[in-house]
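Q: Fold the following and give me the result.
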Amino acid sequence: MLSVAFLATVGAALLLKRVRTPRIWAFGAVIALFAAVALAVFETVRLGRMERDGPQYLDQQRAERATRVADRIAELQPILTTAARQLVDKTEANGPDAQLSLSLPATGRTETAITLFRDGRLVAYAGQSRVPLDTGVEGLSLVQTPFYTAMIARARDSSGHYEAVSVALLASAAPANRFTQSMTQELGDAMLGDTVKILPPLATAQQPDSAERTVRWGAAVFARVVVTPRLIGQAEAKERERAQVRTSIPLAIAALCMLVTGWRRPARTRERLAMLFALMIVVALTPLNSLSNRSGVFDPSNYFTPMGGSLTANIAALVFTASLSLCGLFLVLRSPKLLYSRRVAVLIVIVLAAAGPFVLRDVARGIAMPSSGASTKLWMAWQLGIALASASVLVAGASAGQVAIGTRRGLPSWLAPFVAAIAAMLALPLWNASGGWPAWYPALWILAIALLAFVRRGPALIVGAALVAGCGAVTLTWGATVRARMTLAATDANKLSQWDNNAVRPLIRLANTFRQDSLPIRDAAAFLRRFAESDLAKIGYSARFARWASDSATVPELDVRLAAVTDTIGFQREVSRFSRRVGSAQLQAVRTGAITILTAGIPYPDGSVVTIAVPPITYRASGDPFETLTGLAIRSRGEPPYRLLVNAGNTGAVVRGADSSGRISWLRFGDVMHGDGFSGNNARLPVHVEVDMRGPAALVPRGALLVFFDVAAVILLWAVSAMSGGGLWRWLRQRARQLSSSYRIRLSLALLAFFAVPAAAFAGWAAYRLREDDRSARELIVREALRIAALEPSQTALAEIAADVDASLYLYRDGQLTAASNGLLDLLAPIGRLLPRNLPLDTLNSNDADDFTAVTVPTGSNSSLVGFRRVRIAQNASMSAATTALATSLSWTNAAPISRCR
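A: Reported below is the predicted structural model:
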C-alpha cells in the first residue's frame, strides 16, 4: 500500500506542470502528500522493527529516554542553585525590609517555585510547589513523596536568618500527573507507556530489563533515572495510535490544498464535483474511529448511523461528508445548466420535502448519550453535523426549485424560516411521554422545505436555508438527546441491580497486579496510585479498597474510598474470609441494597487479604465533584443525563405507571420526564428516574445561539464555494459600489448599528452578570462550609469537620499547607502547598474573623473554586498559636450547574 501511495504521489508531482493556476496550492498538496508518505514509511518501519525485534528495540528506546531525562536533570541543577543563591544575595544586599520581586527559575514549562524564609517562616514566594519546603539541609537535594519527585536547592545567608529555596517538579505519578506539569511530562511520552522513575542513589534495584542512568552533582551521585518497561503489546498499540495521528495531519492539509486546487478557476463544474467525490472517498477510507482516544467527536459510541456507512460512522465523519455535499450543492445551485424538465423538478421538490424530515430524523437518531453526560463540544458537533446535513437537503430542493419556478418571481424568503421557527418553538410543548412528537408534526417541516424550494436564487435563499437548517438541527438534536437520555436512564435503571460485565476483565487485570506483590500494600497512597494506573480508572469506574489482617477481624486495617461508594464493609469481610480459606484470588458479585457490586479478594502469604469493591458505572452517572482533586476525573464530565432514585427498602412495591414487566413507564409533568419501574428480574426494586428537558427560558436562548452558529457555518461554506469561482468577489464589489452610492443602505446600516451596539453591550453585561451570579452562588456554598468549619477549628479533627460540611478542607499556616481533611489530599496537594498567588492576602490578614475570599484555581483541565477564611487554632503540642487560613474547595467545570457541586 505504501508503494502505491508513493507512486501516486510521484504521479501527482509529475502532473504539476500541467496545472497553471493555482500552482502554489498544487505544490502544497504534493508536498503534504510526500510528508504523509514519509511519515507513514517512517512509522511503518518503526512498527515493523518493534514487531520483529521488539524487546531489543524497546531497550534502545528506553536507554535513549533515560539519557534525555538524566541530561535534563543535569541542566536544571545549576539553574535552581543559582536562583536560590541570587535570592539570598539580593536579600542581604537590600536589607530585611526591602520589597523583593521574585522571578521563577527558567525551567520551561516545568512546574517550579522559589521561596524565601526568615527564621523558618515563609515571607515571600512565587510559583507553586507540591512537596514540603519548610525543612531541609543546605544545598541540592532530591525529595520524594508518594506521588511527586522534586529537586530542591537551598541557600542561606551568612547570619543564618534567611533561607532561599527553589524547587522544580521532576516527576509526578498517576493520578497527580493529571493536574501538574512535571519535567518528565514536558519531555513527552516518547517511550510509549514506559514508566520513568527518578530514584535516590541508594534506592533498591529495579527490574533487570530496565534502563538506568545516573545523575551526578559534583563528585557524588545525585539521582538514578530508571525507565521500566511495560508490555510490548501496549507499546505497539500506542505507537500505532501515534502514527495514525501524525500521518492524519499532513493528509488533512493535502486534502485542503487539493480542494482549493480543484475548485479554483478555470476548473469546470464536473471537475469540481469530481474533486468533491474523490474527497468523500478519502473520508470513507480514512479510519477516523482510530482517533477516538483523542476526541469524542471521532468516537462511534457517541454517534453512529449505518445509513451512510463509514461516511456517518461518527459525528466528525458526518460533518466532513455534509460539508463536502453542501459545497457541491452550492455549486449546482449556481450553475445555469440545469437540464431536467420542470415536471421532474417539481417531482424532486415533492420527494425531498416529503422524505427530508424523516431522513434527517434517522440521521439524528445516531446520537448516543454518554453515561457521564454530553459536553458542550460534543453537543455542538452533533448539532453542526445535523445542520449541515439539513442544509444539504434544503439546497438540493432549492436547486430543483429554480427549474420549477423558471422566470417567475418566487416566494418571499422569510416564509420558510418563519414556519421553521414556529415548528421549533412547538417542539417542547408537543413532546409526549413516548419520546417523540405527534404524527402530524413533520408536516410543518415538510411545508418549510417546500416553501424554501420556491425562493428565487440569491443570498436570501442561502440565509433562509441556513435558518431553516439551524432550526431543524436544534429541534432534532434536542429531541434525539432527550430520547437518548430516556433510553440511557431506562437501560441503566434495569442494569442497576445486575453486575457490570464491562468491569469484570479490568477488575481481573487489576487484581492480577496485586497478586504479583509479595506483600500487601500498606498505605492509601499506594492504593490510589495502583488504581489510577488501571483500566478501571481510565474507563471511569470507582472503587473501594480494604486490607484485612486476620480471619477474625471485623474491621479492616485500612479502608480507602476513592469515590462515593455507599456500600457496607460486611460483604467485603466475607469475601476476604472466603479468599483466605480457599487460598486463591476470588471474584464475586455481591448484592448490597439497590446495587450489585463486583468484589475481588486477593490473599497474601502473610495471611492478610486485600479486597476491591467496584460498583456499576451507572451508579456514578452524576459524577463526583471532588474527583478533580484526586485526579480521577480523567475528562470533564458534562451535565448528568438523568436523576435516579432507588427505593431499596421497599422491594416488590407497587410503582405508579409501571407495567407488569417492570419496564420503565414514562409520564410528563411540566418540563420533566418521570419514569417509574423496577430494576432487576427477581428483586424488583422500585426505581424512579427523571429527565429534565429544560424550560423555554433555557432552551430558547441556547437554541437561538446555536441557530446563529449554524447560519455562520453555512454562510462560510457558501463563501468558500463562491470564492473559488470568483463570484464572491464580484458580489462584494457590487455591494461596495451600492453602499458607497446608496443613501438608503447607509441609513439602514446606521439604524442597525444604533440598535445592535446597545444590544451587544447589554448582552455582554447580561453574560457578565450571569457569570457573576453563578460565581456568587458557588461562593455562597463555599462560604457556608467554611463558616461551619471555623466554629471549632482543629487540626486533628479536620476530617470530622469535612464530613460535617461535605467538603474538602485544607489548613494553611504562614502560606504553606500543613494539613488536609484527607490524607490523600494532603499528599496530592491538588491546589498546591503554597497559597495561590492570586489570593488577596489583605483580606486574610485583617482582624475581622468573618472575612472571606474565593479564587479560581486550575486543577488540570478543570477548575476549582477555593474559598479562604481566617481562623485561629488553640496552642497545642503540634502547632503553636498562629493565624492560619482555612480553605475549602468546590470542583467545577464551566458547564456544570450548582446542583452538581453541592
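Q: Kindly report the domain assignment for this structure.
A: 55-230, 265-496, 501-615, 643-692, 771-901 (automatic domain parsing).
Q: most tightly surrounded among these?
A: domain 265-496 (a mean of 20; mean count of other Cβ atoms under 10 Å). C-betas here are computed from N, CA, C, even on glycine.
Q: Can you tell me which of the domains of the chain is nearest to Ala760?
A: Each of the domains of the chain has some distance to Ala760 by Cβ to Cβ; the shortest is domain 771-901, at 16.7 Å.
Q: Select, out of the domains of the chain, the one closest to Gly11.
A: Gly11 lies closest to domain 265-496 among the domains of the chain, at 14.3 Å (Cβ to Cβ).
Q: returning to what we had before: could you dump the domains of the chain to a markdown table with mean pLDDT and distance to Ser721?
A: Formatted as a markdown table, the domains of the chain follow (pLDDT from 0 to 100; distance: least, Cβ to Cβ, whole Å):
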| stretch | mean pLDDT | distance to Ser721 |
| --- | --- | --- |
| domain 55-230 | 84 | 40 |
| domain 265-496 | 85 | 4 |
| domain 501-615 | 82 | 42 |
| domain 643-692 | 70 | 40 |
| domain 771-901 | 69 | 34 |
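Q: Let me know which of those domains is the nearest to Leu259.
A: For Leu259, the closest of those is domain 265-496, at 6.3 Å, according to Cβ to Cβ.
Q: Now do that closest one: distance to the chain's middle.
A: Domain 265-496 sits 27 Å away from the centroid of its parent chain (Cα atoms, centre = their mean, to the nearest Å).
Q: Could you do stretch 489-503 as well?
A: On the basis of Cα atoms, centre = their mean, stretch 489-503 sits 24 Å off its chain's mean C-alpha point.
Q: What of stretch 130-145?
A: The mean C-alpha position of stretch 130-145 is separated from the chain mean by 34 Å, Cα atoms, centre = their mean.
Q: So what touches that stretch?
A: Stretch 130-145 is contacted from outside by 77, 80-81, 111, 113, 115, 117, 120, 122, 147-156, 163, 165, 167, 169, 172, 176, 180, 198-200, 217, 222-223, 816, 827-829, 832-833, using Cβ atoms under 8 Å, 6 or more residues apart in numbering.
Q: mind listing which of these are in strands?
A: 113, 115, 117, 122, 148-156, 163, 165, 167, 169, 172, 198-199, 217, 222-223, 816 (DSSP state E).
Q: How about the secondary structure of Arg869?
A: strand (DSSP: H, G, I helix; E, B strand; the rest coil).
Q: residue boundaries of the strands in the stretch 1-150 of the chain?
A: In the stretch 1-150 of the chain, the strands defined using DSSP state E, counting those that start in this stretch lie at 112-118, 121-127, 139-144, 148-156.
Q: quick one, the second one and strand 112-118 angle?
A: Going by axes from the mean of the first three to the mean of the last three Cα atoms, to 10 degrees, strand 121-127 is angled at 160 degrees with respect to strand 112-118.
Q: Contacts for strand 121-127 next, please.
A: 100, 102-104, 111-117, 133-134, 814-816, 834, 837.
Q: Can you give me the distance of Val857 to Ala443?
A: 54 Å (Cβ to Cβ, to the nearest Å).
Q: So which of the strands of the stretch 1-150 of the chain is nearest Arg72?
A: Among the strands of the stretch 1-150 of the chain, strand 148-156 sits nearest to Arg72 (Cβ to Cβ), with 10.7 Å.
Q: Give me the angle between that closest one and strand 139-144.
A: Using the same axes, to 10 degrees: strand 148-156 against strand 139-144 is 160 degrees.
Q: Mind giving me the packing neighbours of strand 148-156?
A: With contacts taken as 3 or more Cβ pairs under 8 Å, 6 or more residues apart in numbering; DSSP states H and E, strand 148-156 sits against helix 54-94, strand 139-144, strand 162-172.
Q: Where does Arg213 fall, secondary structure wise?
A: Assessed by DSSP states H and E, Arg213 sits inside strand 211-217.
Q: and that strand, what does it pack onto?
A: Strand 211-217 is packed against helix 54-94, strand 220-228, with contacts defined by 3+ Cβ pairs under 8 Å, 6+ apart.
Q: and of the ones you listed, who's closest to Ile386?
A: Of all these, helix 54-94 comes closest under Cβ to Cβ, at 44.6 Å.
Q: The helices and strands packed on strand 211-217: which one's closest to Val714?
A: The nearest among the helices and strands packed on strand 211-217, by Cβ to Cβ, is helix 54-94 at 47.9 Å.
Q: where does the closest one sit relative to the chain's centre, distance-wise?
A: Worked out by Cα atoms, centre = their mean, helix 54-94 lies 32 Å from the chain centre.
Q: again, but for stretch 46-62
A: Centre-to-centre, stretch 46-62 and its host chain are 32 Å apart (Cα atoms, centre = their mean).
Q: cool, and stretch 38-46?
A: For stretch 38-46, the distance to the chain centre is 30 Å (Cα atoms, centre = their mean).
Q: Give me the mean pLDDT for it.
A: In this model, stretch 38-46 has a mean pLDDT of 81.
Q: 55 is where my numbering starts, stick with that
A: Taking 55 as the first residue, the last one we looked at is stretch 92-100.
Q: buried sites along it?
A: Within stretch 92-100, the residues that count as buried by 16 or more other Cβ atoms under 10 Å are Leu93, Ala94, Glu97, Arg100.
Q: Would you mind listing the residues in contact with the nearest residue to the second one once chain neighbours are set aside?
A: Meaning Ala94. In this structure, Ala94 finds its nearest non-sequential neighbour in Thr301, 5.2 Å apart by Cβ to Cβ, 6 or more residues apart in numbering. When contacts are counted by Cβ under 8 Å, 6+ apart, Thr301 touches Ala90, Leu93, Ala94, Glu97.
Q: Mind pulling up the pLDDT for Thr301?
A: 81.
Q: mind checking which helix or strand it is in?
A: Per DSSP H and E, Thr301 falls inside helix 286-317.
Q: Look up phi and psi at Trp553.
A: phi -80, psi 150 (degrees, to the nearest 10).
Q: so it makes contact with Ala643?
A: Yes. At 3.9 Å, Trp553 counts as touching Ala643 under the criterion of Cβ atoms under 8 Å.
Q: any common contacting residues for those two?
A: Common neighbours of Trp553 and Ala643 (Cβ under 8 Å, 6+ apart) are Thr650, Leu652.
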